[in-house]
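[1] Here is my input; please provide its structure:
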Amino acid sequence: MANDFTFHITTTRFDEDYSPSEDSRITTNFANLARGEHRQQNLRNALTMIDRRFNDLAHWDNPARDRYTLELEIISAGLEFEAEGEDQRFPLLEVLDIQIVDRLTGRRHHGIVGNNFSSYVRDYDFSVLLPAVTEAAGRFTLPDDFGGLHGKLFRRFLASDAYRERFTTSPVICISVSTSKEYRRSENHHPVLGVEYLQDDHSLTDEYFGRMGLQVRYFMPPGSVAPLAFYFEGDLLNDYSNLQLIGTIATMETFQKIYRPEVYNANSAAASIYRPSLGQNDYSSTQIAYDREERSQLALAQGKHTEEHFMKPHGEVLAQWAAGYPVAAA
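    From the prediction side, this is the model:
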């Protein structure tokens, strides 16, 4: 039986020539863009949007709005452990890492790792386990300790030598706000993150990330039309530089404009009391191809893959390991 897990990290440059590897989770935003007839144009347009948004927010000493460009890498973390007397490996998660290149000075600034977050085990939890338990109960029902194993694996990855040797700060994951919740604009305003929205009733996603030791705050950056959800540990407003925060905003707002244009490319900004909706039609298209239906189908397929190749064959090992690993405090 394995007493612990080790991790290995591989990286893939995300640029206009990017093609998903066989090991990559194909439900990720970046992988979805990199398929089909217009794959290269999709990627080129998305990267241009990211750079323009970054320069729009980093406007000081930047009169032509072209001083900075971002270089993105996909960070793939694999899990290694011993089970049944043999070494086992399974892909755990993928995130994006950002390098900020200052064309004026030639300096490079390390951005924030995290941004887009995807996980095989999360696919299993939401696409396989949760529906099965709900169907069996005849009503929406959360499985026992929902997200517990995933959260502990994530915390173990952050504590690993593989992570600490490469990254010096904690990750920030940035995704869309929940369409099932209501958000209220506050008086708190940050020069980069923008105006803060508050929400008292956490979504299932908020709680799931809480099992990973991450808390959440919602901010609508300057020039944005809807708040983003930022998941982090520590102090979001003071642990990172302005350029680092801008890198995350520019990257993830671009993906959300492509993935959820009804919310993030709407033609009017969020009101003081805001409930996002994918049913409204007053928005602009980015003209970048993105298949949301295919993404949902692939999430289910990858959840079943995780069940077959990770959860079922190694369930006892995983349960024993998780029982001895401390619970995260969000």
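
[2] that's a helix at residue 179, yeah?
    No: checked against DSSP: H, G, I helix; E, B strand; the rest coil, residue 179 lies outside a helix; its state is coil.

[3] ok, now how distant is it from residue 263?
    Per C-beta to C-beta, to the nearest Å, residue 179 is found 8 Å from residue 263. C-beta coordinates here come from the backbone N, C-alpha and C atoms, glycine included.

[4] One more: residue 74?
    Per C-beta to C-beta, residue 74 is found 25 Å from residue 263.

[5] do the same with residue 70
    Applying C-beta to C-beta, the value for residue 70 to residue 263 is 23 Å.

[6] quick one: low-confidence parts of the stretch 51-200 of the chain?
    Scanning the stretch 51-200 of the chain with the threshold set as pLDDT under 70 gives 85.

[7] circling back: what do residue 179 and residue 263 both touch?
    By C-beta atoms under 8 Å, 6 or more residues apart in numbering, residue 179 and residue 263 have these common neighbours: 276, 277, 278.

[8] three-state assignment of the first one?
    Okay, so that is residue 276. Per three-state DSSP, residue 276 ends up coil.

[9] Please name every helix or strand in contact with the strand or helix carrying residue 173.
    Using DSSP states H and E, residue 173 falls within strand 172-176. Secondary structure elements in contact with strand 172-176, counted by 3 or more C-beta pairs under 8 Å, 6 or more residues apart in numbering; DSSP states H and E, are strand 114-119, strand 228-232, helix 242-259.

[10] Which one, of these, ends up nearest to residue 311?
    Of all the helices and strands packed on strand 172-176, it is strand 114-119 that lies closest to residue 311, at 12.9 Å by C-beta to C-beta.

[11] Now render the helices and strands packed on strand 172-176 as CSV, adding mean neighbour count.
    Below are the helices and strands packed on strand 172-176 laid out as CSV (neighbours: other C-beta atoms under 10 Å):
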stretch, mean neighbour count
strand 114-119, 23
strand 228-232, 24
helix 242-259, 24
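
[12] Compare those and give me the one nearest residue 191.
    Distance to residue 191, taken as C-beta to C-beta, is lowest for helix 242-259 among these, at 7.3 Å.

[13] Show the average pLDDT along the closest one.
    Mean pLDDT, helix 242-259: 96.

[14] Okay, angle between that helix and strand 228-232 too, please.
    130 degrees (axes from the mean of the first three to the mean of the last three C-alpha atoms, to 10 degrees).

[15] In PDB, list the C-alpha atoms belonging to whichever helix or strand comes after helix 242-259.
    Per DSSP H and E, the first helix or strand lying C-terminal to helix 242-259 is helix 261-264. Provided in PDB are the C-alpha atoms of helix 261-264 (Å, rounded to 0.1, in the frame of the first residue of the first chain):
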ATOM      1  CA  PRO A 261     -20.200  35.400 -24.000                       C
ATOM      2  CA  GLU A 262     -23.700  35.800 -22.600                       C
ATOM      3  CA  VAL A 263     -22.200  36.900 -19.300                       C
ATOM      4  CA  TYR A 264     -18.700  38.200 -20.000                       C
END
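
[16] Among residue 70 and residue 263, which residue is more densely surrounded?
    Each of residue 70 and residue 263 has its neighbours counted (other C-beta atoms under 10 Å); residue 263 has more, 23 against 20.

[17] unless I'm mixing things up, that one is touching residue 278, no?
    Yes: using C-beta atoms under 8 Å, residue 263 is in contact with residue 278, at 6.9 Å.

[18] Return every residue with contacts to both of these two.
    Contact criterion C-beta under 8 Å, 6+ apart; residues shared by residue 263 and residue 278: residue 179.

[19] Near residue 101, how many other residues are there?
    15.

[20] try residue 202
    Around residue 202 there are 14 other residues, counting by other C-beta under 10 Å.

[21] Would you tell me what the next helix or strand after the strand holding residue 173 is?
    Counting by DSSP H and E, what follows strand 172-176 is strand 183-190.

[22] Would you give the sheet partners of that next one, along with the direction of each?
    strand 194-198 (antiparallel), strand 273-274 (antiparallel) (DSSP bridges).

[23] now, of the ones you listed, which is deepest in the fold?
    Burial of the strands paired with strand 183-190 is given as mean neighbour count (mean count of other C-beta atoms under 10 Å); strand 194-198 ranks first at a mean of 19.

[24] which outside residues touch that one?
    Contact with strand 194-198 is made by 177, 183-186, 188-190, 217-222, 224, 227, 270, 274, as judged by C-beta under 8 Å, 6+ apart.
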